[in-house]
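dropping the sequence and predicted coords here.
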Amino acid sequence: MTGKPIVAIDGPAAAGKGTLARRLAAELGLPYLDTGLLYRAAGRRVLDTGGDPADPTVAEAAARSLLPSDLNRNDLRGPLADAAAASVASIPAVRAALLAFQRDFAERDGAVLDGRDIGTVIFPDAVAKLFVTASLTERARRRWQELRTAGMDAEIATVETDMRQRDAKDAARTAAPLRPAADAYRLDTSDLDAEAAFRSAIAFVRGRIGPR
Ligand code: C5P
């Protein structure tokens, strides 16, 4: 297939989506968008004004006023940003406001996008969909390691509890809940390193899009 392939990658936090998506994009020569950054940046904008990320009016205004430069902020990670992102993400008007940004991003050249609802809502016709998972224990270990590497102090048990709560919120919300698309290729990375996950994913994607 030529043209503008969309590769949709969904799954829970710290399952390895970002690493995989970035590498697939580089391999396929496609732009890459980490859509979690949109929700993180909208949540941060709310926090900047001292507002409540669960307030639909404030959160929608933040999502509508988002600028591409907001995605480069250096305070989009960490427990506060995680919680604010998950709160704004459960508001339907926020999701609606961020839909066009995601579709426009892929309009010209196609793209690899990772998130929670890329294959189910944003690009239901994506040529290749992956649902990337790993056990909660392994995902918490990876996130804890990332936080430590970034110089943030964290208890692994707290990271696991926060992650369990955020996953539950993402899966239980009525607006675009986290779930695999029926036609997604499921990849469990619990026992795979980044290289093995990439090899499995690229074989699937190439089978779907053909040579590029
Ligand atoms: O992927 P990441 O952990 O950065 O996403 C942060 C939060 O943003 C998630 O917990 C989820 O609530 C929300 N999100 C979403 N839909 C996406 C991407 C992220 O609801 N496509």
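Happy to help now that I have it. Residues are numbered from 1 along each chain as shown.

show me the contact partners of whichever strand or helix holds Ala201.
Ala201 belongs to helix 194-209 when assigned by DSSP states H and E. Residues outside helix 194-209 that contact it (C-beta atoms under 8 Å, 6 or more residues apart in numbering): 1, 5, 7, 16, 19-20, 23-24, 27-28, 127-128, 130, 132, 185, 187, 189, 192. C-beta coordinates here come from the backbone N, C-alpha and C atoms, glycine included.

same thing but at 7 Å, please
Outside of helix 194-209, the residues within contact range by C-beta atoms under 7 Å, 6 or more residues apart in numbering are 1, 5, 7, 16, 19-20, 23-24, 27, 127-128, 130, 185, 187, 189.

now, of the residues you listed, which are buried?
Neighbour counting by 16 or more other C-beta atoms under 10 Å classes 5, 7, 16, 19-20, 23-24, 127-128, 130, 185, 187, 189 among the contacts of helix 194-209 as buried.

closest one of those to Gly110?
Pro5 (4.4 Å; C-beta to C-beta).

so who does that closest one touch?
Applying C-beta under 7 Å, 6+ apart, the residues contacting Pro5 are 30, 110, 127, 209.

roughly how far does it sit from the ligand?
The spacing between Pro5 and the ligand, counted by C-beta to the nearest ligand atom, to the nearest Å, is 19 Å.

which parts of this structure sit against the ligand?
Within the chain, the positions adjacent to the ligand are 13, 35-36, 39-40, 85-86, 89, 115-117, 166, 170 by C-beta under 6 Å from any ligand atom.

tell me which of these fall in strands.
Gly115 (DSSP state E).

just put the residues of the chain next to the ligand in a markdown table and tack on neighbour count and pLDDT.
Shown next, in a markdown table, are the residues of the chain next to the ligand (neighbours: other C-beta atoms under 10 Å; pLDDT from 0 to 100):
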| residue | neighbour count | pLDDT |
| --- | --- | --- |
| Ala13 | 23 | 91 |
| Thr35 | 23 | 98 |
| Gly36 | 20 | 97 |
| Tyr39 | 29 | 98 |
| Arg40 | 25 | 98 |
| Ala85 | 23 | 97 |
| Ala86 | 25 | 93 |
| Ala89 | 30 | 96 |
| Gly115 | 27 | 97 |
| Arg116 | 27 | 96 |
| Asp117 | 23 | 97 |
| Arg166 | 20 | 90 |
| Asp170 | 20 | 91 |
